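*Asks:* this one's sequence-less:
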């Protein structure tokens, strides 16, 4: 299957460079110089993945994503920006953006992120995640192979008669990890995305450790989840794929 990718960036050199990198990987790539042109293209064409710059004249990247979620909610999104901030990262998470890369991202980083996004796009219909209604206000349920049900919206995990409720912070952590299966998040990234503030590389593990410990304790009641949140020594955590 040849995937269709839309690159949206108002900088001609950056737009052309990214387009060339992806075409060399064998993808079908279309580019747009601004948000308005991107929306016009999306209304008439099927797009598997959109890579969009955050800061553009007129519609910025997040505004484009908000419209995209209305007209093509299955399209995956990678946000590129040279202006990272806590507010932007949290908003990107709320819009369920697949990845958030800081410029200048290397070709390797981009290709790795693209491959993961397209794998997720291909497997979405088989993962047990169902979206209903408005894409920005959905009920998301993951049903695992033993019948364990993870309701990411209600922050509830259930298997047979066992029900466990997660706190808002535990729920955000679980969502981030499950929606990015196999991706290693640094301690600092997780503090930013879960708690909403930036911290130092040294302080982040101490802030995160109690939260992860509480979440793991709750997951122990569900055999299929008990060892899914994996610690990567000296780096951070990931949600391990089903073996």
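*Replies:* Right, received. Where do you want to start? Remember, it's a predicted structure, so these values are computed and weren't measured experimentally.
*Asks:* measure the residue of the chain positioned farthest from its centre to residue 221 for me?
*Replies:* Computed with Cα atoms, centre = their mean, the residue of the chain farthest from its C-alpha average is residue 161, at 31.1 Å. Counting by Cβ to Cβ, to the nearest Å, the gap from residue 161 to residue 221 is 11 Å. C-betas here are computed from N, CA, C, even on glycine.
*Asks:* got it, and residue 118?
*Replies:* Residue 118 is 34 Å from residue 221, by Cβ to Cβ.
*Asks:* So residue 151 sits against residue 158, correct?
*Replies:* Yes. In this structure, residue 151 is within contact of residue 158 by Cβ atoms under 8 Å, at 7.4 Å.
*Asks:* Give me the contacts around stretch 203-222.
*Replies:* Stretch 203-222 is contacted by residues 148, 157, 159, 162, 164, 166-167, 169-170, 173-174, 186-188, 190-191, 194-195, 199, 225-226, 228-229, 231, 237 when judged by Cβ atoms under 8 Å, 6 or more residues apart in numbering.
*Asks:* Now intersect those with the helices, please.
*Replies:* Using DSSP state H, 169-170, 173-174, 187-188, 190 are the members of the contacts of stretch 203-222 that sit in helices.
*Asks:* Can you say which of these are buried?
*Replies:* Taking 16 or more other Cβ atoms under 10 Å as the criterion, what is buried in the ones in helices among the contacts of stretch 203-222 is 170, 173-174, 187-188, 190.
*Asks:* JSON lines for those, including pLDDT?
*Replies:* Below are these laid out as JSON lines (pLDDT from 0 to 100):
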{"residue": "170", "pLDDT": "90"}
{"residue": "173", "pLDDT": "91"}
{"residue": "174", "pLDDT": "92"}
{"residue": "187", "pLDDT": "91"}
{"residue": "188", "pLDDT": "87"}
{"residue": "190", "pLDDT": "88"}
